[in-house]
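Engineer: Model the following, please.
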Amino acid sequence: MPNSNREPAEGDVAADSQCASESAGGGESTPVADRDETGRGDPAVVLDRMTDAFFAVDDEWTVTYVNEAAEPILAAAAEASLDESHPATEPGGIEDRNLWEAIPAAVDTQFDEEYRTALERQEVRAFEAEFEPLDTWFEVRAYPSETGVSIYFRDVTERHQREMALRRANERLERQNEQLEEFAGIVSHDLRNPLNVLDGWLDHAERTGNSESFQKCRDAVDRMTELIDDLLTLARAGRVVDDTHQVAVDRVAREAWADVDTAEADLTVETETTVEADRSRLCEVFENLFRNAVEHAGSDVSVTVTETEAGFAVVDDGPGVPQEECEVVFEAGYSTADNGTGFGLNIVSQIADAHGWDVSVSESEGDGACFEFEAVTRPADETALPGRDDSPALE
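Structural biologist: Predicted structure coming up:
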């Protein structure tokens, strides 16, 4: 005996939906006498039982049918499309209205393109797309007929969010693996050199007892300590920033300046902007840039922190960076200073990347170096400068 409670198969639903679309477009509907009490034979009953949202349009893009699952979604899409250029003109749902007039935000989107392609080519279209006004991803299947298009869709936003989270985790893992390889190379090369120096001078010190030999050993140990500290900072710098606060750039810059041995150098701060950042890591950015300026431009260098349209910049009046070196200065281990570790600017780059910022170096107006940070997120309202409230008072 056939099971009267059998769920409709996809082929049944596709056939019934086409019937619904054709009926709404002017074809003959199923006679009432041919429908049993369960609603079998009535496409509308079948479609309303579906968990997927469904609607149909005719070949003039008039909405001819909307099932119960689709009604609230399409109503929300229509509501989200309203603005000064598309004011509400008709109350209620979108049935019997032109689809593109009811939901103008869908015009010139992937939905528009795919639906028109389905009707013009008479081919089934299956795709996933985001409807930005609702901040929602949909999985869509569009079935054409000579009289219109039948469209099934479901909300797959949670799946997309999971996929995005997985993608970010994989990217983070790839960066960590790259860092591990980079650290392995640094440990095997950069740390081995001062170790060899230490070993050699220890032998010499044991044989001669010369105090100068012991000092050479201490210098080698200091060098290794500096390398290890920079390696630890570099490892921390590359971690993605998940927790940011509103931070006053001028205060952090002056705080970092006070923590760096700047000798007779001079700092000028020409910004009162506030940015979304990890305060301690932003401080590390300034410390490394200030230290770099003193090491390469001299103890009397003048440094300026200034605001730009897309973020902020740190400018000095030193010799600048040769054009051919602008791309390599951020690489780990690159340094033109005799006592540099080559990690300072790489740390700056890693911290910027962890914030989602872009950093570049170019020649300043005074022929010095200009380190510019772009794609920096600012609070919507900077007038109150809330980032200053949690900053310590500075002289």
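
Engineer: strand partners of the biggest strand by length in the chain, parallel vs antiparallel please.
Structural biologist: If you go by DSSP state E, the chain has its longest strand at strand 136-145. Strand pairing for strand 136-145, determined by DSSP bridges: strand 125-131 (antiparallel), strand 148-155 (antiparallel).

Engineer: List of residues touching that strand?
Structural biologist: The contact list for strand 136-145, computed with CB atoms under 8 Å, 6 or more residues apart in numbering, reads 14, 17-18, 21-22, 111, 114-115, 118-119, 121-131, 149-157, 159-160. C-beta coordinates here come from the backbone N, C-alpha and C atoms, glycine included.

Engineer: For the residue lying closest to residue 156 once chain neighbours are set aside, the count of nearby residues, please.
Structural biologist: For residue 156, ignoring the flanking residues on the chain, the nearest one in space by CB to CB, 6 or more residues apart in numbering is residue 139 at 4.7 Å. Using other CB atoms under 10 Å, residue 139 has 16 other residues around it.

Engineer: how about the residue most central in space within the chain, phi and psi?
Structural biologist: The centre of the chain sits closest to residue 356, judged by CA atoms, centre = their mean, with a distance of 6.6 Å. Phi and psi for residue 356, reported as degrees, to the nearest 10, are phi 80, psi 20.

Engineer: Tell me, how many residues neighbour residue 246?
Structural biologist: The burial count for residue 246: 21, using other CB under 10 Å.

Engineer: how close does it sit to residue 277?
Structural biologist: Applying CB to CB, to the nearest Å, the value for residue 246 to residue 277 is 8 Å.

Engineer: Go ahead and confirm residue 377 touches residue 276.
Structural biologist: Yes. Contact criterion CB atoms under 8 Å: residue 377 and residue 276 qualify, at 4.2 Å.

Engineer: list residues touching both of the two?
Structural biologist: residue 244.

Engineer: tell me the domain ranges of the chain?
Structural biologist: The record assigns the chain these domain ranges, following automatic domain parsing: 10-155, 241-395.

Engineer: just so I know, which of the ones you listed lies nearest residue 203?
Structural biologist: domain 241-395 (23.9 Å; CB to CB).

Engineer: List phi and psi for residue 311.
Structural biologist: phi 170, psi -120.

Engineer: and it, what is it in contact with?
Structural biologist: 275, 357, 372-376.

Engineer: Inside strands: which ones of these?
Structural biologist: Per DSSP E, the contacts of residue 311 map to strands at 275, 372-374.

Engineer: Now render those residues as a markdown table, adding pLDDT, neighbour count and distance to residue 97.
Structural biologist: Below are the ones in strands among the contacts of residue 311 laid out as a markdown table (pLDDT from 0 to 100; neighbours: other CB atoms under 10 Å; distance: CB to CB, whole Å):
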| residue | pLDDT | neighbour count | distance to residue 97 |
| --- | --- | --- | --- |
| 275 | 94 | 24 | 46 |
| 372 | 94 | 19 | 50 |
| 373 | 95 | 23 | 49 |
| 374 | 92 | 15 | 44 |
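
Engineer: Using JSON lines, lay out those together with distance to residue 242.
Structural biologist: Output for the ones in strands among the contacts of residue 311, formatted as JSON lines (distance: CB to CB, whole Å):
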{"residue": "275", "distance to residue 242": "16"}
{"residue": "372", "distance to residue 242": "25"}
{"residue": "373", "distance to residue 242": "19"}
{"residue": "374", "distance to residue 242": "21"}
